[in-house]
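Asker: Return atomic coordinates for the entry below.
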Amino acid sequence: MVSPKTFGSMWIKCLQAHVYLRLLKGQTIDDIPEGVLEDCAQLVKANSIQGNKVNNVDIVYTPWQNLKKTASMDVGQVGFYNQKMVRTVRVEKRINEIVNRLNRTKVERTPDLKAEREAVNAAERAVKKQHLREKKRKEELERLEKEKQAELRSYKNLMVAEKMTSNKYIASTKKSLQELEEDFM
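Answerer: Residues are numbered from 1 along each chain as shown. Next up is the predicted model:
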């Protein structure tokens, strides 16, 4: 399942080239395979205005939640909320084989972001409902076990009227005191 919440964003500062990489749910920017990172960095370099002309370019990438944009910033310029979440990779020179391979396999589409978001939300709700059902079932089993244990420890079963005898009943059996004591033992 792919979650739109978990994007990694990569770009070159001031060169205005951006690549957005959608990660799998639970994946972090530290989990990005080296080959994918190289492909993204090559795309950024190839599609930037100035980065395509120079060598040894640093590509900066971070999760999209860490991007900070204020009204005073130029177009394409961004900042960061947390500098510790920023990673850098250096691109020595453009590798045309990678860029050409990526351009040949490029698929442009206009995603229905609302539908994707709704699908992700529905999947998350389904998982939450399943967890709630499992939790309720587990709590019910625990409650039943607790009741069973409480019943075993209670004196309720010891004081049953059918098992009790009264002094009147004993007197009516016409047994002697010695016989009653022997029955008791």
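Asker: ok now the longest helix along the chain, how far from the chain's centre?
Answerer: If you go by DSSP state H, the chain has its longest helix at helix 113-153. Relative to the chain's own centre, helix 113-153 is displaced by 16 Å; criterion: Cα atoms, centre = their mean, to the nearest Å.
Asker: ok, now stretch 66-86?
Answerer: In terms of Cα atoms, centre = their mean, the centre of stretch 66-86 is set 26 Å apart from its chain centre.
Asker: End to end on that stretch, go ahead and measure it.
Answerer: Length of stretch 66-86, first residue to last, Cα to Cα, to the nearest Å: 8 Å.
Asker: just stretch 92-111 next, same as before
Answerer: Distance between the two ends of stretch 92-111: 33 Å, counting by Cα to Cα.
Asker: Check stretch 97-117 too.
Answerer: End-to-end distance of stretch 97-117 (Cα to Cα): 35 Å.
Asker: From the contact counts, what lies against the longest helix of the chain?
Answerer: strand 2-12 (3 or more Cβ pairs under 8 Å, 6 or more residues apart in numbering; DSSP states H and E). The way it works is simple: take the backbone N, C-alpha and C, and place the C-beta from them, glycine included.
Asker: What does the pLDDT read for the spatially most central residue of the chain?
Answerer: Nearest to the mean C-alpha position of the chain, by Cα atoms, centre = their mean, lies residue 26 at 5.9 Å. For residue 26, the pLDDT comes out at 84.
Asker: any idea how far it lies from residue 148?
Answerer: Distance from residue 26 to residue 148, counting by Cβ to Cβ, to the nearest Å: 39 Å.
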